[in-house]
Every structure is written in structure tokens, then in C-alpha cells.
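>>> Sequence and predicted structure below; questions after.
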2 protein chains.
Amino acid sequence: MRAYNFCAGPAALPTAVLEKAQQEMLDWHGKGLSIMEMSHRSKDYVAVAEKAEADLRQLLNIPENYKVLFLQGGASLQFSAIPLNLLGKNSKADYIHTGIWSEKAYKEASRYGEINVVEAGTTIDGKLAISDQSTWNLSKDPAYVHYAENETIGGIQFDKIPEVSAPLVSDLSSSILSAPIDVSKFGLIYAGAQKNIGPAGLTLVIIRDDLLDQAKPEIPSILKYSAQSKNGSMVNTPATYAWYLSGLVFEWLLEQGGVEAIHKVNLEKAKLLYGYIDSSDFYNNPIAIQNRSIMNVPFTLANSDLDKQFLKEAEENRLLNLAGHRSVGGMRASIYNAVPLAGVQALVSFMEDFAKRNG
Amino acid sequence: MRAYNFCAGPAALPTAVLEKAQQEMLDWHGKGLSIMEMSHRSKDYVAVAEKAEADLRQLLNIPENYKVLFLQGGASLQFSAIPLNLLGKNSKADYIHTGIWSEKAYKEASRYGEINVVEAGTTIDGKLAISDQSTWNLSKDPAYVHYAENETIGGIQFDKIPEVSAPLVSDLSSSILSAPIDVSKFGLIYAGAQKNIGPAGLTLVIIRDDLLDQAKPEIPSILKYSAQSKNGSMVNTPATYAWYLSGLVFEWLLEQGGVEAIHKVNLEKAKLLYGYIDSSDFYNNPIAIQNRSIMNVPFTLANSDLDKQFLKEAEENRLLNLAGHRSVGGMRASIYNAVPLAGVQALVSFMEDFAKRNG
């Protein structure tokens, strides 16, 4: 029996997707072999890869002047690839700092250029928030401005897209496909697959085509966006099975009615969980309302001595992977697209019951 | 029904492995979730990852002073990572050139240091061969000597390990686990998974620990062997599902009796196929006997006008992916560990019949 899985990543995938993958595992469409045993250059595989891209373009309404790349190495390899590709000659960029992941991004970028770190954290009534853009020390002429749209560990999310004249680069690893987004406002979007896209080992890059061709000479060839774009993300063998599975997730999302439809469900899930937390003295979420992530909901128990008991009983109730990130502790419920409303309902019921018995 | 799949990569996997993966797809060991939905830092996943490494160590008899890394990006990303990690201060290395893959490796390395290309191709009685080491222009004090043990496209394989005093670095992508190898003779071994290990998206690096910590300052952090080694290949989220599947392949190999046992089968398969080709006027293999790959067998038809017909009829007989690499044409049968003897027998029967009807 499938449990409800609140893991932050690698995260839950839609059961229907796993069932289809299971069914096709040994013999894809009667061809006598698994999709993972096929050449990435075969007609059958290329059709699968192209369908995945087309479906993603439809889901996110990606304009024609953007390329979509299916790469390897995780968002963390993009922390290097982005400055190596985009810093250009002036070698300066702005990085907005809102948490652990945006910090990792600017630390890696600092190895390749002059990085202006824009501190954007503040508090409102004792709750963590993202400060108003008018207070930011943005620089004059950066090659690009980077931010992490949703901080997976902190559970803090931008409530609007920053308005800057330089190309905007955004880490959407934990929020891509959870809500509609205007791609045309970005120079580059990137996302590790293992939250809202597919299995770990695949990284999406969506890049405006005028930014493709300005890589630094020392860049590893595989990381060059221009080369990957020219070669359909197949400069070398891509992560074919992860790409295929992501395609199944995109198909599933279209069947759900697309990103707008799933966004409604996501809002409902978030409202239910935050609503309950706010109504309770037993649980607490540290983020100001307007910056609460609709994907990653960290919370603490009034008495942290009960943390272990909470996690143990949650697991007994088939509510898995609710421990907070090892760097912050407490709890975290990641409620990505693949976690159904029923899962959040079950979680809230359990939390209510646990609070009653221990409050 | 499963066909016989002679694809050079992504390549055939053992049917028993795919069946196990299929069975565990939705609910791994009764835990209520797929292994690909699990945190890479969870106890369950870490146990799977560690078991895979332990089994690989047993299969290859890897000495304790070697680290095993499970990375992303393919062997092609290692073409950059190797010079960035190993060139050190003298920035010189020797690259032995025997075909397309060793050429790709030295071209990428040349972007980071002074590369001495050692031409090692020769002919014996009109057949391609690897020249005797005594004729090579090895340099005096290179940081390392690189070679591709088996050229997947050319089907040419070293019949002995080069004897050099510098650390020996070898691309074993298409021959790892096909035959016993003395790991202690190498400084570094690397291999893309998608031939003899598992699905595409995973790359193995086996490195002697004294070579770990000499990376160039411009290296992307994720590519640093020292960092990956310290963090159990989890500096960031690894390709968890590919790692798991590789572990299933290692278990399957141990069940077959290990590398020595599968090597016997591989020799039998190669003997059967080369034996038939040599006995026929209709087919030809261009490689000298002592350098014939036991994994990748390229061959041509006496009349190349029949190539398309050959491939069409082969497919009708459930013998898949026999076209040669797009850069060379002709045919190629890749007969990795997962291709059973029965598959090669079926191929030879078909080839005999096709030759009779068209010879």
C-alpha cells in the first residue's frame, strides 16, 4: 500500500506515473526492450524526448525564443554552469540571498566572478519575510540577477517576481510547475527534477536564446548551453530514463488540467495545512504569511522533546518523511504536485490528534 | 516478449534486474513508496547505496586505498573533470589515441593543459591494431597517462594494460565488469553506466586516494573528487534510481558467479561471433585478432547496398540495434554482459541465413 510521502526531495511522484512506468518497464510499447535500454538517438527515444519537451512547453507556455535543456548534475552543477555561461566579460552578477540554497548559489558563483550579495531577509511581526525590493542594494550593471524563487529548506517563497533590467535567473527547483509563471520575465530558469518534475539525476534549464553563447573559455564542454542547445541536450548520452519519467509526469499534469488546475489544488492544500497550524498553539510556522511557500511547509512543535514521538507516530500512520532538514531540525511537510489533497487532510488529522493527546 | 538488444548504449540490462525493479517500483520493501521517491540521506536509501558499492568492490576486488564515486554527467563530463582534478601543477599529461573516444578525451583535456597525444594505431596484415608500447612517444614526467581500454565505436581493445610509472587513467565505459582487471595498476578508472553497469545518468569513478586532492581552482565544486569522496558521492542529490538499478546489476553479476564467470560467457559469445565472421566471405571485421573487442563487434557486409535490408530483417527476427555508429556506418553488435549467449547464437543463425539468401 502506498503511503503519503512528504519528502523534500527526491520526492513523491504521481502513483499513476509509477504504474505506467512499471507496466512499460520490460517492454516499451511492444518493442521488446525497456526505454532505458534504447539508444538516445533512436527514433523511438527521440520521439519520447521531444514529446516531453513539447508537453513542458505547453504546461509553462514557454515562448519560442527560449530553449529547453534536459541536463545532468542537479541544480548544484548549475550553480557553477550559470556563472560560467552567463557572467560574460564584465564578470559581475547580483545574487539575492533569502536562505540556504541562494547562499550555496552565490558562494559557488563567487569562485568565477564579482558577486554582489543582495540581503533580502527581514522580519515582520517576528516572522521571517522577504524585504521589499526598494530596500535592496542591487548593482548598476550586472550580467544577471539570481534568486531562488522558493527556499526548500526555509519554506520561504517570493510573492512576486523581482523587477530588474538585467536578465533574471531563477532557481525554481522546488516550485516549478506548482503555479503558473510568466517565463518571458526570465533570462534563465533552472530546476532539479527531483521535486516537481521526476526522479533525481535530471536538471531542467529554460534559457532565452540571446544568452546562449557567451561561455567562459574554462567551462567544461558539456556545461555549455550553446552546445547542449545545438545538440538537443545530447552532446553526450543524457539521463534517458529520468527524461522519460519526467515526460510521464508532464502528461499526467496535462491530464490534471495543467498548471493552473494543479495550482488550485496546491493552494487548497497549503491553506488547509497553514490554517490548521495557525489555529493551533501546539504547532508553529516561522514565515510571514505573504512569503509562505506553498510547496515546503516547515513547522515546529511547542515542545521539541516530542519531535521523535511525532515522527514515529506519523510513520505508523503512513505519513512519511516529515523531519525538517538536518541543518534546521523541526518538521517539514513538502506538499508538491504529487501529494494529493487527501494526503494533507490525513496529515492535519494526525497533527490534530497528536496535539490533543500531547498538548 | 523481450527481444535481443545489441545496442551500444544505453544498452541491454539483465531481464531479471528489470523484473525486480518492476516489482519494487511502487512500493520498495513494503515501505509504501518507490526507491526513487526516497531521500538520498534516508537510512533505507543509504543502505542501498552502500550495498551497491560493497558489491562492486567485491566484483572488481577493489583495494581499500581506492574510493568509489557514483557521479552524474557521463564519461564525457569526466573528460573535463579528470584534467581539472589530476593535471596538478605541471599541467602535462599523455593521452593514448586509439579511436573516437580517446580522441574526444584528449581534445577536452587540451583545453586545460599541455597534452601529449600518443598515436597508438597501426595495422597488421591490413587489419587495425594497437601498436606495441615500445613504439609510443610517451613523455617524461606526465601527471598521468590516459587511455580508453575499449573503443566502443571502433571495436578495438587493449590486450594488455600499458606499463607506465605515472598514474594510469582509463576509460572503461564499455568494458568494465566484462573481464577481471587488476585495479591496483590504475590511478583512476571511470565508466559511464549505460553499457555494463546500469541506466544512463550515472558515472563510476574509482580513484586511488593519493590522487584525490589536487584539483585546479577553477573546477566546478561538484566535480571535485575530494569533495565527493568526503561526502559519499552526495555533495548534492545523486542519481538515486540509477544508483539503485546499478546495485541490482551488481547483485545479478554476483549471482552469475562474478566477473570471472561472466568473462567466460563473454569469451564464448565473442568466439562464436568472430568465428562465424572470419569463416564467412559475406561479413568482415576490420580489427586484428589480438585487439578485437569482446564487447563491441563491428562488421560490414560484402555489399553495403544490403545494409538496410539486413537491419530490417534482423529487427523482424527480434535482433535489435545492429546499425554501426552514425560516424562509421556498417553494423555493430554490442554483446555486453546482459546479452546472453542465446542472443549471439540467434544473431549468428540469422547472419548465416541472410548470407545464404544474399551471398
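Done, it's in.

>>> didn't residue A:53 look like it was pressed against residue A:68?
Yes - here residue A:53 lies in contact with residue A:68, judged by C-beta atoms under 8 Å, at a distance of 5.2 Å. Yep, even glycine has a C-beta here, placed from its N, CA and C like the rest.

>>> which residues in the stretch 201-350 of chain A form helices?
Counting by DSSP state H, counting those that start in this stretch, the segments of the stretch 201-350 of chain A that form helices are A:225-230, A:240-255, A:258-279, A:307-316, A:341-358.

>>> Which strands or helices does the shortest one pack on?
In terms of contact count using 3 or more C-beta pairs under 8 Å, 6 or more residues apart in numbering or on different chains; DSSP states H and E, helix A:225-230 is assigned the packing partners strand A:66-71, strand A:203-208.

>>> just to revisit the earlier point, list residues touching both of residue A:53 and residue A:68?
Common contacts of residue A:53 and residue A:68 (C-beta atoms under 8 Å, 6 or more residues apart in numbering or on different chains): none found.

>>> Distance check, the residue lying closest to residue A:350 once chain neighbours are set aside against residue A:355.
In this structure, residue A:350 finds its nearest non-sequential neighbour in residue A:317, 5.2 Å apart by C-beta to C-beta, 6 or more residues apart in numbering or on different chains. Applying C-beta to C-beta, to the nearest Å, the value for residue A:317 to residue A:355 is 14 Å.

>>> returning to what we had before: including distance to residue A:334, mean neighbour count and mean pLDDT, could the helices and strands packed on helix A:225-230 go into TSV?
As requested, those are exported to TSV (distance: least, C-beta to C-beta, whole Å; neighbours: other C-beta atoms under 10 Å in any protein chain shown; pLDDT from 0 to 100):
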stretch	distance to residue A:334	mean neighbour count	mean pLDDT
strand A:66-71	23	22	98
strand A:203-208	18	24	98
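
>>> Any chance of a markdown table for those, columns distance to residue A:44?
A markdown table is the format used below for those (distance: least, C-beta to C-beta, whole Å):
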| stretch | distance to residue A:44 |
| --- | --- |
| strand A:66-71 | 17 |
| strand A:203-208 | 22 |
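
>>> Throw these into JSON lines and include distance to chain B, thanks.
Putting the helices and strands packed on helix A:225-230 into JSON lines (distance: least, C-beta to the nearest C-beta, whole Å) gives the following:
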{"stretch": "strand A:66-71", "distance to chain B": "9"}
{"stretch": "strand A:203-208", "distance to chain B": "9"}
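
>>> need the residues of the stretch 201-350 of chain A near chain B, please.
A:201-202, A:217-218, A:220-223, A:235-242, A:245, A:318, A:320-321, A:326 (C-beta under 8 Å from any C-beta of the partner chain).

>>> Counting only strands, which of those make the cut?
residue A:320 (DSSP state E).

>>> ranges for the strands of the stretch 51-200 of chain A?
With strands called from DSSP state E, counting those that start in this stretch, the stretch 51-200 of chain A shows them at A:66-71, A:92-97, A:114-119, A:121-124, A:127-130, A:145-148, A:150-151, A:156-157, A:168-171, A:188-192.

>>> Run the chain-centre distance for the third one.
Relative to the chain's own centre, strand A:114-119 is displaced by 23 Å; criterion: C-alpha atoms, centre = their mean, to the nearest Å.

>>> cool, the first one as well?
Using C-alpha atoms, centre = their mean, the distance from the centre of strand A:66-71 to the centre of the chain it belongs to is 16 Å.

>>> in the stretch 251-359 of chain A, what residue is nearest chain B?
Nearest to chain B in the stretch 251-359 of chain A, going by C-beta to the nearest C-beta, is residue A:318, at a distance of 5.8 Å.

>>> what's near enough to touch the residue lying closest to residue A:209 once chain neighbours are set aside?
Nearest residue to residue A:209, sequence neighbours excluded (C-beta to C-beta, 6+ apart): residue A:65, at 5.1 Å. Residues in contact with residue A:65 (C-beta under 8 Å, 6+ apart) are A:208, A:209, A:210.

>>> Pretty sure the first one sits against residue A:66.
Looking back up the chat, that one is residue A:208. Yes - Residue A:208 lies in contact with residue A:66 (C-beta under 8 Å); the separation is 5.5 Å.

>>> OK, contacts around residue A:13?
Here residue A:13 is in contact with A:198, A:199, A:245, A:249, A:338, B:34, B:36, B:37 (criterion: C-beta under 8 Å, 6+ apart).

>>> CSV for these, including distance to residue A:231 and pLDDT?
As requested, the contacts of residue A:13 are exported to CSV (distance: C-beta to C-beta, whole Å; pLDDT from 0 to 100):
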residue, distance to residue A:231, pLDDT
A:198, 21, 97
A:199, 23, 97
A:245, 22, 98
A:249, 24, 98
A:338, 31, 98
B:34, 31, 98
B:36, 27, 98
B:37, 31, 98
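
>>> What is the nearest of the residues you listed to residue B:332?
residue A:245 (28.4 Å; C-beta to C-beta).

>>> separation between that closest one and residue A:194?
Taking C-beta to C-beta as the measure, residue A:245 falls 11 Å from residue A:194.

>>> Residue A:47 too?
As for residue A:47, its distance to residue A:194 is 25 Å (criterion: C-beta to C-beta).

>>> Give me the more crowded residue out of the two.
Applying other C-beta atoms under 10 Å in any protein chain shown to residue A:47 and residue A:194 shows that residue A:194 carries more neighbours, namely 32 against 10.

>>> Quick check: phi and psi at that one.
For residue A:194, the backbone dihedrals (degrees, to the nearest 10) come out as phi -80, psi 20.

>>> so what's it up against?
By C-beta under 8 Å, 6+ apart, the neighbours of residue A:194 are A:9, A:10, A:11, A:200, A:201, B:237, B:240.

>>> Which among those count as buried?
Taking 16 or more other C-beta atoms under 10 Å in any protein chain shown as the criterion, what is buried in those is A:9, A:10, A:11, A:200, A:201, B:237, B:240.

>>> possible to save the residues you listed as TSV with pLDDT and distance to residue B:117?
Supplementary listing: the buried ones among the contacts of residue A:194 in TSV, determined by pLDDT from 0 to 100; distance: C-beta to C-beta, whole Å:
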residue	pLDDT	distance to residue B:117
A:9	95	43
A:10	98	42
A:11	98	46
A:200	98	37
A:201	97	33
B:237	98	37
B:240	98	38
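
>>> If anything else comes up later, I'll come back, but that's it for now.
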